[in-house]
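Visitor: Output the structure for:
(chains A and B)
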Number of protein chains: 2
Amino acid sequence: MGMRRGTNLPRMGDFNQSVILEAIRRSVEGLSRIELVEATGLSAQTVTNITRRLLDDELIAEAGRTINGPGKPRVTLRLVAGSRFSIGVHLDPAVITVVLLDIAGTVVRRRVVRAADRDPRAVVDTMAGTIDELISEAGIERARVAGIGVAAPGPLDAAGGTVIDPPKLQGWHRVPLRAVLAEATGLPVAVEKDTTAAAVGEAWTGGGAADGSFLFVYLGTGIGASLVREGDAIRGSSHNFGEVGHIIVDPDGPPCACGSRGCVEVVCTPQAIVEQAERMGVFDDDRQVSDVRAVEERFTRLCERAAAGEASAVVVLERAAASLAVLISVLANVLDIDRVVLGGPFWDRVSDTYLREIPGALHRRSATRAVREIPVTGTVVGDDVGAVGAACVVLDLALTPRASDLYLQD
Amino acid sequence: MGMRRGTNLPRMGDFNQSVILEAIRRSVEGLSRIELVEATGLSAQTVTNITRRLLDDELIAEAGRTINGPGKPRVTLRLVAGSRFSIGVHLDPAVITVVLLDIAGTVVRRRVVRAADRDPRAVVDTMAGTIDELISEAGIERARVAGIGVAAPGPLDAAGGTVIDPPKLQGWHRVPLRAVLAEATGLPVAVEKDTTAAAVGEAWTGGGAADGSFLFVYLGTGIGASLVREGDAIRGSSHNFGEVGHIIVDPDGPPCACGSRGCVEVVCTPQAIVEQAERMGVFDDDRQVSDVRAVEERFTRLCERAAAGEASAVVVLERAAASLAVLISVLANVLDIDRVVLGGPFWDRVSDTYLREIPGALHRRSATRAVREIPVTGTVVGDDVGAVGAACVVLDLALTPRASDLYLQD
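Guide: Residues are numbered from 1 along each chain as shown, chains lettered A, B, ... in the order given. Down below sits the predicted model:
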């Protein structure tokens, strides 16, 4: 590693400003200056100086006075939700979701488009056009948009913002998404793995307030995992943290293209679950096509039939849940995490079965079961967690205090 | 998570002092004040003030002057290796290793004892007695010993420094090792998982200087993993990071007590490898006992015969290497790491075969093979990596600058 760098006063000031803004942002009702002193440990003078700067920048506003006994009334400071915005784009093999988020994490506008063409150039044009529409429909100044976050399937070359060879996106090979989309929109762009973006979204918009350390298991066309520790998403050395597709979860499972057997990819994905249901004769008709939409349609039917109590469909989903519990136990035991959040575009359809089956199976396989239980919950963000998370990545980069920002640069 | 706290001047001063001490410690030849300004980004005045304090505390000393052209000669500042010490204890099912380390990371004294009795009380007495001997033999003041680090098999209850139910240590159940050993020695004690301690040792005594982010795979009586990112060991939420025993690495492997098949525990451990060799008829004689020493003796013979080129022994070790490569690929893909270091008490015996087999197998299974190669090397610390690492844990806690130390406390 490089030598650790020192810190100095200007860095300290920037950091403390982020700390105060974060405290105000996370409070539902706003905070007074005295409450900020208590929450942050900073001196009253520092809090006064920094809040004056935030008021000048219109990031916060005074929102009423409270009189508590004698002395000056307390002024409540609140985040100005409409002071900054960010755009989140979820590039999924099936659909593209675009959201406009305000600084409070609220979805102001949302649109789902199915790109008629998979060609990267056409997809980027569709994204840019949709982004323009959302900004003008919302009637906000473009200067207030901090940037665009794109959640894309991994692996990524994050240094260049490049999508390498996502297994589920045919025709995409080393697409320099960050540069192309930045050129098309004139806004700064951050490209993030969909699974990491989802975890950032979960941490930002509620989950993080309660407990900032969790494993996020992402159920999309592929299965991914991400980790948030003390509010920060862990990205790994090349921003490709959480590639779990070839972890073996069922030694009796079907063969995998990697040469092994029973990997997550051939056991836990929607396509693998649909194929398992087909092998077990759950469907009367044969599937004619194998594209993502046809698979998704069948998966939805399978989940509906399980919800209606059809035994063979229930068995298929319970087997899938048991295998996913093996994956989650591997990750929980390696990463040593406090709790698990499940989400992603396919989560809603399986949540009843999975929340019934997974917690017990995980506990039996937990290496730390003598010390603690590991709670398992569903996402608070919902189906749009990828897009919302991508927008949160932008806000997070701009606003969250990080001790590492204190280091003096080379 | 709790609210993020601010920072202030005194915290900044402590942090910058750690940064300067670390810079001097990591330099082989020592550094002048001007070089410290360049290395840390701090002002000349700050460097002068802090180095004066470190000189007063005798943690550093002036070690010669260099004249470079006109102007004042540069004074080289060096770490005083004998200014502080720490003790490292490795509690292994087979043996107990105790080392005395100086602040430069050099092993000053070392002793290996076989506890005649596995009873926790007797083991702690043996440890305490050995520690006393090492300190008095080295002729150092007890006040200069910063503390004792104990590397123990997981899982641990780290908050209490308690060894829970280590699978390989019969008779140990919820032993409050930290409290008992602190009472027996009068020194502060830190208890750490053996695998984590090993990684800290690797980062402190050389490996970290070159590149501070790596996965450490620990080959002991059990197999463990640990992670160092930018010089810091990642411990997880309950200090039990890296429990990998039940990751499936061979779907055709033997059954495991967990109910699955082909787990690390029944495929990659020395005992599993010896049993595989026995099933394949590598040994002429039958093993009479199954305790750790008998297994270790057979494992050593197996490795010697592989080194001598005996085909059946070579095949067994190559299969073990292939399975370990599956584990390493799972960890590399989940954790997204730059390089892999192998070590632990059994490493030396298998290093030739493993370093020949694992790098290629890992590359084939790497999710980021399109972006980079992941180098695989052996530890720089050697067989004592657990004990040396435990001593480094104490030095690391006392000396390494951490940005998180900047936060104001509640």
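Visitor: what residues are up against A:T46?
Guide: Residues near A:T46 by C-beta atoms under 8 Å, 6 or more residues apart in numbering or on different chains: A:16, B:6, B:8. Where C-beta positions appear, they are placed from N, C-alpha and C, glycine not excepted.
Visitor: In terms of helix, strand or coil, where does A:T76 fall?
Guide: Secondary structure for A:T76, judged by DSSP: H, G, I helix; E, B strand; the rest coil, is strand.
Visitor: Can you tell me which of the contacts of A:T46 end up in helices?
Guide: Among the contacts of A:T46, DSSP state H puts A:N16 in helices.
Visitor: can you put the contacts of A:T46 in a markdown table and add pLDDT, neighbour count and distance to B:G105?
Guide: Formatted as a markdown table, the contacts of A:T46 follow (pLDDT from 0 to 100; neighbours: other C-beta atoms under 10 Å in any protein chain shown; distance: C-beta to C-beta, whole Å):
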| residue | pLDDT | neighbour count | distance to B:G105 |
| --- | --- | --- | --- |
| A:N16 | 86 | 24 | 36 |
| B:G6 | 76 | 28 | 34 |
| B:N8 | 76 | 16 | 32 |
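Visitor: So, low pLDDT: which residues of chain A?
Guide: Counting by pLDDT under 70, chain A shows low-confidence ranges at A:1-4, A:115-117, A:166-169, A:206-212, A:288, A:401-410.
Visitor: tell me the domain boundaries of it?
Guide: A:9-79, A:84-204+A:387-399, A:211-379 (automatic domain parsing).
Visitor: Can you say which of those is nearest to B:A158?
Guide: For B:A158, the closest of the domains of chain A is domain A:211-379, at 9.2 Å, according to C-beta to C-beta.
Visitor: Can you show me the helices along chain A?
Guide: Under DSSP H, chain A gives helices at A:9-26, A:33-40, A:44-56, A:120-138, A:177-185, A:194-204, A:207-210, A:264-267, A:270-279, A:292-307, A:311-335, A:347-365, A:385-399.
Visitor: about what we covered before: quick one: which of the contacts of A:T46 is nearest A:E373?
Guide: Of all the contacts of A:T46, A:E373 sits closest to B:G6, with 33.9 Å by C-beta to C-beta.
Visitor: what's the spacing between the closest one and chain A?
Guide: 4 Å (C-beta to the nearest C-beta, to the nearest Å).
Visitor: what's the closest non-adjacent residue to the residue in the stretch 251-400 of chain A positioned nearest to chain B?
Guide: Chain B sits closest to A:D336 of the stretch 251-400 of chain A, with a gap of 2.4 Å, by C-beta to the nearest C-beta. Sequence neighbours aside, B:G236 is the residue nearest to A:D336 in space, at 2.4 Å (criterion: C-beta to C-beta, 6 or more residues apart in numbering or on different chains).
Visitor: A:L395 contacts A:D102, correct?
Guide: No. In this structure A:L395 lies outside contact range of A:D102 using C-beta atoms under 8 Å: 9.2 Å.
Visitor: is A:V228 in a bridge, and if so with what?
Guide: With DSSP bridges applied, A:V228 shows beta-bridge pairing to A:F214, A:A233.
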